[in-house]
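Engineer: generate coordinates for the sequence data below:
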Amino acid sequence: MNFYFFATIHHWSWCRFKKGKFIEDESYEWRDAVLDRRLGVRIRETKYLTFFREIRYKQREHNYWIEKAGGWRIKIPFCKTYEETRIGNWILLDLPLLIFAIWLMFSHS
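Structural biologist: Numbering: from 1, shown residues only. Below is the predicted model of the structure:
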């Protein structure tokens, strides 16, 4: 039995549509994203880890589409912004573990 994991823990959930108008929470930093969407990010940092929560939504006439993500990332000393930390975690941790997991799957064939 093989056990595979990723170094950064994250969770996605989404709901296709909700009725009404979306109200932006002031605890998030909001900016425009692709495809007429808005992206809100809230970050809490500890000594070694960074907790993130993302909300993406697209407002329509009578409803809105929403997608949520959250999880933990490892703090990297040379990464100063959230985007740099996200990319750094992917390059230094998730990508090598993904390559290793694929190698393990095909080496047991």
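
Engineer: could you use CA atoms for every contact and neighbour count after this?
Structural biologist: OK.

Engineer: contacts for stretch 39-51 next, please.
Structural biologist: Residues from elsewhere that reach stretch 39-51 (C-alpha atoms under 8 Å, 6 or more residues apart in numbering): 27-33, 52-57, 70-75.

Engineer: at 10 Å what do you get?
Structural biologist: With C-alpha atoms under 10 Å, 6 or more residues apart in numbering as the test, stretch 39-51 has contacts from 8-10, 24-33, 52-58, 67-77, 82, 85-86.

Engineer: keeping just the C-alphas, turn stretch 90-101 into CSV.
Structural biologist: In CSV, the C-alpha atoms belonging to stretch 90-101 read as follows (Å, rounded to 0.1, in the frame of the first residue of the first chain):
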residue,chain,number,x,y,z
TRP,A,90,4.5,24.7,-4.6
ILE,A,91,8.0,24.7,-6.1
LEU,A,92,10.0,23.6,-3.1
LEU,A,93,7.5,21.2,-1.5
ASP,A,94,4.5,20.1,-3.6
LEU,A,95,6.1,19.7,-7.0
PRO,A,96,9.0,17.4,-5.8
LEU,A,97,6.6,15.3,-3.7
LEU,A,98,4.2,15.0,-6.7
ILE,A,99,7.1,13.9,-8.9
PHE,A,100,8.2,11.4,-6.2
ALA,A,101,4.6,10.1,-5.9
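
Engineer: buried residues, it. List them.
Structural biologist: Trp90, Leu93, Asp94, Leu97, Leu98, Ala101 (16 or more other C-alpha atoms under 10 Å).

Engineer: export these to TSV and tack on distance to Arg16, pLDDT and secondary structure?
Structural biologist: Below are the buried residues of stretch 90-101 laid out as TSV (distance: C-alpha to C-alpha, whole Å; pLDDT from 0 to 100; DSSP: H, G, I helix; E, B strand; the rest coil):
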residue	distance to Arg16	pLDDT	secondary structure
Trp90	27	88	helix
Leu93	31	86	helix
Asp94	28	86	helix
Leu97	31	87	helix
Leu98	29	88	helix
Ala101	32	88	helix
